[in-house]
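Engineer: Give the three-dimensional model of this entry:
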Amino acid sequence: MDQPPSSAGRRSLKRNRKQEFAEEGAVHPTTDCKVLALEPQQSHQDLLSEVVAQVTILNSSLSSSQSDRLTAKRAAHLLSELAENELIVDSIVDCGAVPALLQHLKAPEPGVTKPYEHEVEQGCLLILALLAKKQPQHQQLIVDAGALAYLMDLLKRHKTCGNSPALTGLLTSAANAINNLAAGNSSIKTRVGMEGGIPPLVELFEFDDAKPQSAAAGALLSLALKNNENKNQILKLNVLPTLVLMLGSEHATTHCEAVSVISMLASYSPKMTTKVLLAGSLQPVIILLRSCCFKCQKEAARLVGIFARTDSDCKVHIAQRGAIPPLIDMLKSPHAELREMSGFAIATLVEDPHNQVGIAYNGGIEPLLNLLSSKKKTVQHNATFCVYRLAENEDNVVDIIKLGGVQKLLDGDFTAKSAKKFVGNTMEVLQEKMHGRVLKQLLHLIRFGEKAVQSYVVLALAHLCSSDDQKIIFVDNNGLAFLVDLLTSRNLNKKREASMALYSLAIRSTSISPLDTTPSSMTPQVYLCERYVNNPALSDVTFLVEGKRFYAHRISLLASFDAFRAMLDGVYREKEAKDIPIPNIKWVVFELMMRFIYTGTVDVNLDLAQDLLRAADQYLVDGLKRSCECVIAQDISLGNVSQLYELSDSMNAMSLRRACILFLLEQFEKLSVKPWYNCLLRRVAPDIIEFFRSLLGSGIDKK
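Structural biologist: Purely as a prediction, here's the structure:
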């Protein structure tokens with residue numbers, strides 16, 4: 001629990017206070033006033049007591065005597081320290097501090113000179129500004145108490161009181177107070193404009209001192225933000241020339257506030273943007289892109305983006321005056337706001353074809369690609385738009401690809417609809433440019449580039465190249481080996497990208513289903529008809545299946561099926577047998593196989609498909625085998641793909657094997673967490689190479 005200060009501590013504080021007042025040449029106002037705000041161990045009640053004491057002092061020291069003025073000055077100073085503590089700001093207001101402070105802002109009687117001229121008023125203004133800033137709900141209370149009239153009167157004092165450092169500080173504090181009172185409060189903004197608060201603020205621009213200039217610019221920015229009436233009033237006062245001059249100030253605060261006001265005015269309308277440009281602001285703004293002030297850089301980038309929207313010539317002029325390099329540097333900034341604003345500026349400049357090359361030449365592609373991972377929709381929009389427009393220029397395509405741009409476009413989590421649209425447009429543009437010198441450059445990189453670049457190029461070409469170029473890329477230039485190496489690497493991200501690329505390549509390689517890529521049997525087929533299936537009539541061969549006779553006809557079996565030809569007309573003992581036993585095959589399975597042999601078609605039930613596949617493989621009934629593979633392939637799932645691949649391997653079922661391969665590639669995200677997946681992938685790798693070599697060869701009809 002907080003403890004009050006010891007008596008010795010209190011006496012020490014009193015002595016310090018007395019000494020300070022003695023140094024000012026004044027009498028100490030009270031012996032009971034303690035600087036509790038400086039004691040961190042004090043309780044809230046102690047601080048509240050101190051607030052009450054200082055407010056009481058302000059209310060009782062209103063005369064022009066040196067003693068009262070010094071007392072008020074000290075009370076204001078202590079109260080400002082207390083106001084820094086947000087926890088007691090409400091208590092300061094509740095104790096009646098606002099009316100007490102405003103009393104000290106009254107103008108002196110004509111001919112009366114007060115000691116510590118302007119210092120008491122400045123201290124009171126500082127407290128009012130703090131109260132409004134710390135707790136915005138107090139803004140209206142301060143204004144309703146009559147603060148605006150006092151503030152406007154203070155801003156005009158330089159006309160009657162000359163110029164001095166104290167007056168300069170007072171004017172700066174008055175402008176800051178208006179800034180804090182108007183910030184985010186539309187009714188106060190309107191009231192300040194209607195009651196004549198804008199002209200005296202504009203007059204502060206004529207001061208030689210940077211502090212009142214900066215404070216006035218900040219106040220005008222707050223007043224004009226989302227308030228067109230105030231904007232119009234500011235513009236009528238012809239502030240643009242002065243603001244442009246302020247852009248070149250050596251004081252960071254001055255040119256920072258000035259560029260913020262100009263940015264706000266330029267965004268008002270296209271007509272106003274043109275006026276701002278005609279006032280000579282372009283080059284000073286471009287220079288500020290290299291400012292050491294974060295806020296200044298951000299506003300300068302915003303202005304460049306606004307200026308670039310005016311016309312195509314302005315885009316060129318901005319680039320010619322050196323804006324692109326600093327904007328690209330800002331894209332690499334650790335500050336998200338700077339990256340966002342520079343992205344906006346570059347998105348307006350990139351529409352010009354010459355700027356597209358300039359942005360790429362100055363190293364803009366990589367940081368723009370990095371912005372694709374932003375979660376903010378506006379950043380996604382600008383970054384995807386920039387990459388899209390850069391891709392339109394053939395000179396940039398190879399750089400986009402070798403920096404991994406295609407992977408970032410495919411992997412991005414784009415929530416903005418416009419971003420998704422630009423990603424799709426970019427992929428289409430890149431596909432259109434995958435020929436001629438672009439393709440030759442990429443093939444050269446596959447052969448001689450660094451390993452990381454080779455990977456990016458091969459991965460991208462799997463998604464982009466035409467079917468006519470797939471063989472030369474992936475077979476002749478060994479691109480397939482690169483993809484399979486990535487697929488079997490230990491890097492999960494590389495495995496995923498390779499899986500996506502191979503799946504895309506397979507889907508784009510042929511217009512027919514991968515299940516139909518196994519060549520059909522060249523042996524002509526002879527079919528009887530349905531009524532001869534297991535019909536004793538004219539039957540000349542009998543099979544024993546599960547102890548039951550199945551009647552068949554040699555002519556149908558010998559004409560088309562090698563296994564039965566060897567059995568019935570070859571050297572096997574079944575040739576002379578009256579009843580040929582068929583072991584290890586169920587009656588229903590054998591009956592379906594024979595029905596296919598007699599009719600060329602059969603409905604394959606999923607429950608019997610695997611048994612029927614084994615029978616068809618054993619007796620070389622290729623058409624039935626492919627039908628079974630097709631049915632089984634429709635049932636491939638996360639849980640059975642491994643077993644079905646083993647089945648395809650044992651049965652030499654090429655269509656089913658390829659279907660399993662495609663499933664393994666397509667479902668990488670879900671399968672990669674399975675403990676057996678990596679092992680299976682390594683085992684399947686040779687089959688993947690064989691599959692794609694066949695797919696990309698000349699034996700398959702292309703689109």
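
Engineer: sec struct for the residue positioned nearest the centre of the chain, please.
Structural biologist: Nearest to the geometric centre of the chain sits Ser374, at 1.6 Å (Cα atoms, centre = their mean). Counting by DSSP: H, G, I helix; E, B strand; the rest coil, the backbone at Ser374 sits in coil.

Engineer: how near is it to Asn534?
Structural biologist: For Ser374, the distance to Asn534 (Cβ to Cβ, to the nearest Å) stands at 70 Å. C-beta here means a position set from N, CA and C on the backbone, and glycine is covered the same way.

Engineer: Where does the prediction get shaky in the stretch 51-200 of the chain?
Structural biologist: For the stretch 51-200 of the chain, the stretches with pLDDT under 70 are 111-112, 159-162.

Engineer: Just give the nearest non-adjacent residue to the residue nearest to the centre of the chain, would you?
Structural biologist: Gln380 (5.8 Å; Cβ to Cβ, 6 or more residues apart in numbering).

Engineer: Likewise for Leu442?
Structural biologist: Excluding its sequence neighbours, the residue lying closest to Leu442 (Cβ to Cβ, 6+ apart) is Val457, at 5.1 Å.

Engineer: Could you report the neighbour count for the one you found?
Structural biologist: When neighbours are counted by other Cβ atoms under 10 Å, Val457 registers 25.

Engineer: can you pull the contacts of it?
Structural biologist: 401-402, 442, 445-446, 449 (Cβ atoms under 8 Å, 6 or more residues apart in numbering).

Engineer: quick one: which of the residues you listed is nearest Asp476?
Structural biologist: Lowest distance from Asp476 to the contacts of Val457 (Cβ to Cβ) belongs to Ile446, with 10.3 Å.

Engineer: close enough to count as contact, the closest one and Asn478?
Structural biologist: Yes - using Cβ atoms under 8 Å, Ile446 makes contact with Asn478 at a distance of 7.4 Å.

Engineer: and the two? which has more neighbours close in?
Structural biologist: Higher neighbour count among Ile446 and Asn478: Ile446, with 19 against 14, using other Cβ under 10 Å.

Engineer: OK, contacts around that one?
Structural biologist: So Ile446 contacts 454, 457-458, 473, 477-479, 482 (Cβ under 8 Å, 6+ apart).

Engineer: List the residues that contact His381.
Structural biologist: Counting by Cβ under 8 Å, 6+ apart, His381 makes contact with 347, 416, 418-419, 422.

Engineer: mind putting these in JSON lines, pLDDT included?
Structural biologist: JSON lines is the format used below for the contacts of His381 (pLDDT from 0 to 100):
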{"residue": "Ala347", "pLDDT": "97"}
{"residue": "Ala416", "pLDDT": "91"}
{"residue": "Ser418", "pLDDT": "95"}
{"residue": "Ala419", "pLDDT": "96"}
{"residue": "Phe422", "pLDDT": "97"}
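
Engineer: now these: which count as buried?
Structural biologist: 347, 416, 419, 422 (16 or more other Cβ atoms under 10 Å).

Engineer: And the helices in the stretch 551-700 of the chain?
Structural biologist: 554-560, 562-569, 587-599, 606-618, 622-633, 641-651, 654-666, 668-671, 677-696 (DSSP state H, counting those that start in this stretch).

Engineer: Tell me which of the ones you listed sits nearest to Pro200.
Structural biologist: Using Cβ to Cβ, the nearest of the helices of the stretch 551-700 of the chain to Pro200 is helix 668-671, at 64.7 Å.

Engineer: Which residues does the closest one contact?
Structural biologist: By Cβ under 8 Å, 6+ apart, the list of residues contacting helix 668-671 reads 495-496, 499-500, 638, 641, 664, 677.

Engineer: Considering those, which possesses the most neighbours?
Structural biologist: Leu664 (24 neighbours).

Engineer: Next up, the contacts around it.
Structural biologist: Contacts of Leu664 by Cβ under 8 Å, 6+ apart are 499, 641, 645, 671, 677, 680-681, 684.

Engineer: now do Ala416
Structural biologist: With Cβ under 8 Å, 6+ apart, Ala416 has these contacts: 377-378, 380-381.

Engineer: Between all of the buried ones among the contacts of His381, which two are separated the most?
Structural biologist: Ala347 and Ala416 (13.0 Å).

Engineer: Can I take it that Leu544 is in a strand?
Structural biologist: Yes - per three-state DSSP, Leu544 lies within a strand segment.

Engineer: Could you check how far it is from Asp617?
Structural biologist: For Leu544, the distance to Asp617 (Cβ to Cβ) stands at 21 Å.

Engineer: So those two - more neighbours on which side?
Structural biologist: Relative neighbour count places Asp617 above the other of Leu544 and Asp617, with 19 against 15, counting by other Cβ under 10 Å.

Engineer: Now the more buried one: closest residue in space that isn't a chain neighbour?
Structural biologist: Using Cβ to Cβ, 6+ apart and skipping residues adjacent in sequence, the residue nearest Asp617 is Met651, 4.6 Å away.

Engineer: which residues in this protein form strands?
Structural biologist: Remark: strands assigned in the chain by DSSP state E are 541-545, 548-552, 579-581.

Engineer: Nearest to Thr172, out of those strands?
Structural biologist: Taking Cβ to Cβ, strand 541-545 is the member of these nearest to Thr172, at 105.1 Å.

Engineer: List the contacts of the closest one.
Structural biologist: 549-554, 557, 568, 578-582, 585-587, 590-591.

Engineer: Show me how to select, in ChimeraX, the buried members of these.
Structural biologist: Per 16+ other Cβ under 10 Å, the buried members of those correspond to this ChimeraX selection:
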select :550,551,552,553,557,568,580,582,585,590,591
